[in-house]
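K.L.:
heads up, no residue letters with this:
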């Protein structure tokens, strides 16, 4: 019964989306009040129906209903209950259902939290989101239903891939999809603005908080995916330039450019064409990621095994979305007014240069990701584009972007005196250069590339702290208490500098761990010791352990420093009962400035409890800074988001005359 009810609720959700999309856009264009008033309840009903379908699928997993084919493929009766729930989105069909759940959730959020916007704007945005949802509901119902029956039902399921049996599956995909889908709101606002012809500062204010929320979610999703790969795959990598990783990184880069472009559109009523194209492009890149994962055109550890028909459907859907939105832009663009003029030395010019760099960086990732697919499609053979290309092309682009980032706090809108800018920033520049020269000596070997990268990171960190502190102290001098002075610093200003500081931390972490990490592959017998980075690691024993769905050989290694034991590390070699798939689970001793990372290779004798083992030991300085930096970026975005929401509501009340 669950399967039939789930299919029925998805059909109802599709019908609601079609009605919502048709009446929403028609009502917004014709200013027909009865149609416009349908948008909000329709969005809430669509969310309720999609959430019901999702809850039904989750119930099937929790009840081990293996008569549903998707459940039988993704779960097993021995699977722990929290992984049974996460397995709902562990495969192609369920993850698509999560996708449309997120989309309907964003649509309902717009209906609830943007209710003070002009009714025509609400109606148009809701209609655009509904049409996007309609395409995805059709895709699920026609090619990817998670509710298809399998009779006779097997006695047990095939089990969830052991790589996915981790807490990362619970948090990483939902946050990633929330970011992907969240950019649909900025896309919908852009299309609504083109339809209505109202592309002004008000539109930018309405769009900005939704774009920031999506960017924060995508940042956290990418961060969790990177951390998950680091501790799960057993060799300490945190980014692989895998095509599907790139598919999430491209909308992040475009979304970052969009946030900055919206700031100019809001403050100076400029960059209108650029901002609309970025909104369309960012969501299109999110859809492209969906195509890459599900089309079967690439080989990736992230890709879902699926048939080409599904990929063709998504490709057609992607072409319709991009083609229709660009055609609308081409039609309406000549009617749009130009923005305000600005000097080459101004905040507008700085943000324009920053956006150009981000778009070019995104294009280099796009080229490296899709070029092998194009060569293969043309019958020219197989081609692999790996880290050497991405590192050699992408990293040099980021250096000038960070130099510009350091200027963001004090450059004025419209016009900035170049001499005054030099006087304000030559001090931080000297400090950054000196620090960049000296800091590599902390790791025992001076490298010019490290010195340059750390100098740039210091430049961003110093200027961010300096500019924010100046604003705080300036508020304090006006007779305020320190708390009042802090509260009077605009949230958007604080969020910007926290996010920029996070990027500096991230760059420092990437630079140091990439340049100074060290790995030892050793043959170790019980009682052997090994020295690494001031620590001594002693291999004590291996014991057998068991969980509900796997058995493991667990190593016991004592980590000591200055003769004092500080940690017992327990890496594992697991064997899962249902799939018989072996897995390596690393043990990590984490500090603020370094990680000691240990994983077991293979036993080198007949008896794993008495013989030698291959042991991999990694020293990774500052690797944690990669994720600390990402957290600071997300925190900065969230703080800026709080300011933008308030301003959106205040402006909306003015527009509606409240």
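P.N.:
Right, received. Where do you want to start? Note that the structure is predicted; figures quoted are calculated from it, not measured.
K.L.:
C-alpha from now on. contacts and neighbour counts both.
P.N.:
OK.
K.L.:
contact partners of stretch 521-532?
P.N.:
If you take Cα atoms under 8 Å, 6 or more residues apart in numbering as the criterion, stretch 521-532 is touched by 536-541, 610-617, 619.
K.L.:
nearest residue to residue 222 other than its sequence neighbours?
P.N.:
residue 176 (6.6 Å; Cα to Cα, 6 or more residues apart in numbering).
K.L.:
now residue 505: how far from residue 453?
P.N.:
Look at residue 505 and residue 453: by Cα to Cα, to the nearest Å, they are 11 Å apart.
K.L.:
burial of the residue nearest to residue 222, as a residue count?
P.N.:
Using other Cα atoms under 10 Å, residue 176 has 25 other residues around it.
K.L.:
what helix or strand is it located in?
P.N.:
helix 167-196 (DSSP states H and E).
K.L.:
what segments of the chain are strands?
P.N.:
In the chain, the strands defined using DSSP state E lie at 518-524, 529-532, 535-546, 550-561, 564-569, 572-576, 582-585, 587-590, 594-603, 613-621.
K.L.:
phi first, then psi, for residue 593.
P.N.:
Residue 593 adopts backbone torsions of phi -120, psi 0, taken as degrees, to the nearest 10.
K.L.:
return the distance of it relative to residue 587.
P.N.:
17 Å.
K.L.:
neighbour count winner among these two?
P.N.:
residue 587 (23 against 12).
K.L.:
which residues does that one contact?
P.N.:
231, 569-572, 597-599.
K.L.:
low-confidence ranges in the stretch 501-650 of the chain?
P.N.:
Along the stretch 501-650 of the chain, segments meeting pLDDT under 70 span 644-650.
K.L.:
quick one, domains of this protein?
P.N.:
1-165, 171-411, 519-622 (automatic domain parsing).
K.L.:
return the distance of the helix holding residue 176 from the chain's centre.
P.N.:
11 Å (Cα atoms, centre = their mean, to the nearest Å).
K.L.:
tell me the pLDDT of the closest residue to residue 511 other than its chain neighbours.
P.N.:
With Cα to Cα, 6+ apart as the criterion, residue 511 has its nearest non-adjacent residue at 6.3 Å, and that residue is residue 450. As predicted, residue 450 sits at a pLDDT of 95.
K.L.:
distance of residue 450 from residue 401?
P.N.:
Distance from residue 450 to residue 401, counting by Cα to Cα: 17 Å.
K.L.:
how near is the spatially most central residue of the chain to residue 136?
P.N.:
In the chain, the residue lying closest to the centroid (Cα atoms, centre = their mean) is residue 218, at 2.6 Å. Here the criterion is Cα to Cα. By it, residue 218 lies 20 Å from residue 136.
K.L.:
now residue 556
P.N.:
Distance, residue 556 to residue 136, by Cα to Cα: 49 Å.
K.L.:
what do you get for residue 203?
P.N.:
27 Å.
K.L.:
repeat that for residue 365.
P.N.:
In terms of Cα to Cα, residue 365 sits 26 Å off from residue 136.
K.L.:
equivalent analysis for residue 153, please.
P.N.:
For residue 153 relative to residue 136 (Cα to Cα), the value is 28 Å.
K.L.:
between these two, which one's more packed in?
P.N.:
residue 136 (22 against 14).
K.L.:
buried residues, stretch 37-55. List them.
P.N.:
Neighbour-count burial for stretch 37-55 flags 37-40, 42-55 (criterion: 16 or more other Cα atoms under 10 Å).
K.L.:
I meant to write stretch 184-198 there.
P.N.:
Using 16+ other Cα under 10 Å as the test for burial, stretch 184-198 gives 184-195.
K.L.:
avg pLDDT for it?
P.N.:
91.
K.L.:
identify the residues contacting the closest residue to residue 446 other than its chain neighbours.
P.N.:
Ranked by Cα to Cα, 6+ apart and with sequence neighbours excluded, the top spatial neighbour of residue 446 is residue 440, at 5.2 Å. By Cα under 8 Å, 6+ apart, the contact set of residue 440 is 446-447, 450-451.
K.L.:
closest to residue 124 among those?
P.N.:
Nearest to residue 124, judged by Cα to Cα, of these is residue 450 at 50.2 Å.
K.L.:
can you pull the contacts of that closest one?
P.N.:
The neighbours of residue 450, taking Cα under 8 Å, 6+ apart as the test, are 436, 440, 511-512, 515.
K.L.:
show me those residues that map onto helices.
P.N.:
Using DSSP state H, the members of the contacts of residue 450 that fall in helices are 436, 511-512, 515.
K.L.:
number of nearby residues for the nearest residue to residue 421 once chain neighbours are set aside?
P.N.:
Spatially, and ignoring its direct neighbours in sequence, residue 421 is nearest to residue 411 (7.2 Å; Cα to Cα, 6+ apart). By other Cα under 10 Å, 21 other residues sit near residue 411.
K.L.:
mind checking how far residue 411 is from residue 351?
P.N.:
10 Å.
K.L.:
kindly report the same for residue 422.
P.N.:
Per Cα to Cα, residue 422 is found 18 Å from residue 351.
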